[in-house]
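Enquirer: only geometry, no sequence info:
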């Protein structure tokens, strides 16, 4: 199965695109589309997506991104549970804003993650883009955690990550994945607007 996924599906501009990247493209779009709509099925689809992308990133030498996918599987399982039972008295979570204390914790975690991963990738791996790989990994982890808690501002973290991912994947000749992240960027803007609208609706109902 892994051999088939690693095989070339098509070649464009002299660069081969694997089946793993093609399927990762499709499941990624479905995943984010479901997330924008706050649909619970975004989590199982997302888990499938990250398993496919793990193979893509490892083959491209993006080791932090490949390892990140393992964490995504864990966060995906947690997010699936949290959206169903993480609210008061084990009720479904509702959309909310990030508190100042949460922002402070996220900022500290982001600095530590980026610095630690940068040193690790620079000294212990053959990564050619250790800082970019570390920064996008940290942003993605923080954004995913925010989405497990339905924090509106998690979309801003994804937008920041996508703006770095797009040229990074182009540099690595992962053009289909770069195109996927252009689509992700658009969907993130739509997701931010949709979650803000949901938050306003919740406040109106509560009032």
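Expert: It's in. Since this is a predicted model, take the numbers as computed values, not measurements.
Enquirer: following the lowest-mean-pLDDT helix or strand in the chain, which helix or strand comes up?
Expert: Within the chain, confidence by mean pLDDT, DSSP states H and E is lowest for strand 8-12 among all helices and strands, at a mean of 68. Following strand 8-12 in sequence order, the next helix or strand is strand 15-18 (DSSP states H and E).
Enquirer: What lies in contact with that next one?
Expert: For strand 15-18, contacts defined as C-beta atoms under 8 Å, 6 or more residues apart in numbering pick out 5-11, 55-56, 59, 173, 175-176. Backbone N, C-alpha and C define where each C-beta goes, glycine included.
Enquirer: OK, contacts around the residue nearest the centre of the chain?
Expert: Of all residues in the chain, the one closest to the mean position by C-alpha atoms, centre = their mean is residue 140, 5.0 Å from it. Residue 140 is in contact with 68, 72, 157-158, 161, counting by C-beta under 8 Å, 6+ apart.
Enquirer: Pick the one among those closest to residue 44.
Expert: Nearest to residue 44 among the contacts of residue 140: residue 72, at 12.4 Å, using C-beta to C-beta.
Enquirer: if I read this right, residue 61 contacts residue 171, doesn't it?
Expert: No - using C-beta atoms under 8 Å as the test, residue 61 is too far from residue 171 to be in contact (11.3 Å).
Enquirer: So between the two, which is more surrounded?
Expert: Taking other C-beta atoms under 10 Å, residue 61 and residue 171 do not tie; residue 61 has more neighbours (15 against 12).
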